[in-house]
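[1] Coordinates for the following, if possible.
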Amino acid sequence: TNTSRSQQDLVTVSGALVLQAGGTLTVNGGSDSSGVNAGGNVLLKTSSGDIALNAALLSSGDVSLSAAAAITQAAAGDITLSTSGKTLDVLAGTSISMNADALSQTNQGAVRYQAQAGSIALGQISTANGSGVGTSGVALLASAAITDADTDAASPALTNVTTANLLMTAGSAIGTSTNA
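    Sure, this is the predicted structure:
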């Protein structure tokens, strides 16, 4: 039994990785840039706090992040699902904030980002692999707005979503006239 309050370089060869925290859950890279490297499904969950993904999460299974409060994805907090058809589900009790350079990528699998009581600041989401996007889909659901995390209109434009099917639902606005 490990009672440490800090974990890094979580690795599973096969099987599921389930990590639940009573407060904020922060994923940092330790000796490498990967915070989680799982050979199976991953569930990261908080019962009363945020999830801060500051390092890469790699999985060959389905991945679910469920925070009672906010979810943040730093530039190094990429999520990669390597096996074809696996799903990524990101659910925040409040808001989701991706760095403009953060990438969530499946291999032709479905993606859902939902902010139950807040906005989504969108980085990059892709369901493409080397042969295209297949019939995959992305759903972005926010009770407030869905905005582009890349607010620098002068920089090269980043593609926010690459997929075959896209559903975006927001309580107020989707994008802006200056940098949608």
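
[2] all contacts plus neighbour counts: C-alpha atoms, from now on.
    Fine.

[3] start to end distance for stretch 160-169?
    Between the opening and closing residues of stretch 160-169 there is a gap of 15 Å (C-alpha to C-alpha, to the nearest Å).

[4] how about that stretch: buried residues?
    160-164, 169 (16 or more other C-alpha atoms under 10 Å).

[5] Give me the subset of these that lies in helices.
    With helices defined by DSSP state H, no entry of those lies inside them.

[6] Identify, from those residues, the entry nearest to residue 101.
    Checking the buried residues of stretch 160-169 against residue 101 with C-alpha to C-alpha, the nearest one is residue 160 at 9.8 Å.

[7] so how far is residue 98 from the closest residue to the closest one other than its chain neighbours?
    Spatial nearest neighbour of residue 160, excluding adjacent residues (C-alpha to C-alpha, 6 or more residues apart in numbering): residue 124 at 4.4 Å. Taking C-alpha to C-alpha as the measure, residue 124 falls 8 Å from residue 98.

[8] what about these two, which has more around it?
    residue 98 (24 against 21; other C-alpha atoms under 10 Å).

[9] Might one say that that one is in contact with residue 149?
    Yes. Counting by C-alpha atoms under 8 Å, residue 98 touches residue 149, with 6.5 Å between them.

[10] between those two, what contacts are shared?
    Contact criterion C-alpha atoms under 8 Å, 6 or more residues apart in numbering; residues bridging residue 98 and residue 149 by contacting each: 121-123.
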